[in-house]
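>>> Build the 3D model from these lines:
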Amino acid sequence: MPYDERTLARLMDRLAIEEVLVRYSTLIDSKQFDRLAGEVFTADAIVDYTRAPGGIAGTVAEVTAWLSKVLAPFKVLQHMLGNFDIVVDGDTARSTCYFHNPMGLGTPDGGVSVFWCGGRYTDELVRTPQGWRIRHRIDDVLYMQGLPSAPA
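Numbers count the residues shown, from 1 in each chain. So this is what the prediction gives:
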């Protein structure tokens, strides 16, 4: 089945946006927070984590500093993304995707105590000279299971 240029452009945009969403998760999981500003978010992005216990909303710099502090104690971070719903409108886009996020804290015996959270990311994105970037993100935590008694 042949595809016209518009269809191919739409598919390329969708894949590029999915790549940015996955890059966010990869950078968080590998604690490379300093790369979020240039590779995932626009310079003026606002990120809202207030729908999670203890979360904040702010600029990328504010959120990056917060993430590096609250995620420091975790030995394991692992995002799994799915159900990408992406709508491109020219040089802007809206996206919703779901996440499942096991997180592990070290235990005194050297093991890992794992709890899970899950929810959805709701994003507004913009096409930049460097590619698609998130301009506004809402992290909507829908569940937490097995939360340690003293989270970070």
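
>>> For the closest residue to residue 77 other than its chain neighbours, give me the backbone phi and psi.
Leaving out its chain neighbours, the residue that sits closest to residue 77 by C-beta to C-beta, 6 or more residues apart in numbering is residue 29, at 4.4 Å. C-beta: built from backbone N, CA, C; applies to glycine. Dihedral angles phi and psi of residue 29 (degrees, to the nearest 10) take the values phi -60, psi -30.

>>> Could you tell me how many residues sit around residue 29?
17 (other C-beta atoms under 10 Å).

>>> How about the one 4 residues further on?
By other C-beta under 10 Å, the residues close to residue 33 number 18.

>>> go on, the one 4 residues further on?
The burial count assigned to residue 37 is 17, neighbours taken as other C-beta under 10 Å.

>>> picking up where we left off before, could you report the distance from the residue nearest to residue 77 to residue 67?
Per C-beta to C-beta, to the nearest Å, residue 29 is found 11 Å from residue 67.

>>> got it, and residue 143?
Applying C-beta to C-beta, one obtains 20 Å for the distance of residue 143 from residue 67.

>>> same thing with residue 87?
Between residue 87 and residue 67 the computed distance is 27 Å (C-beta to C-beta).
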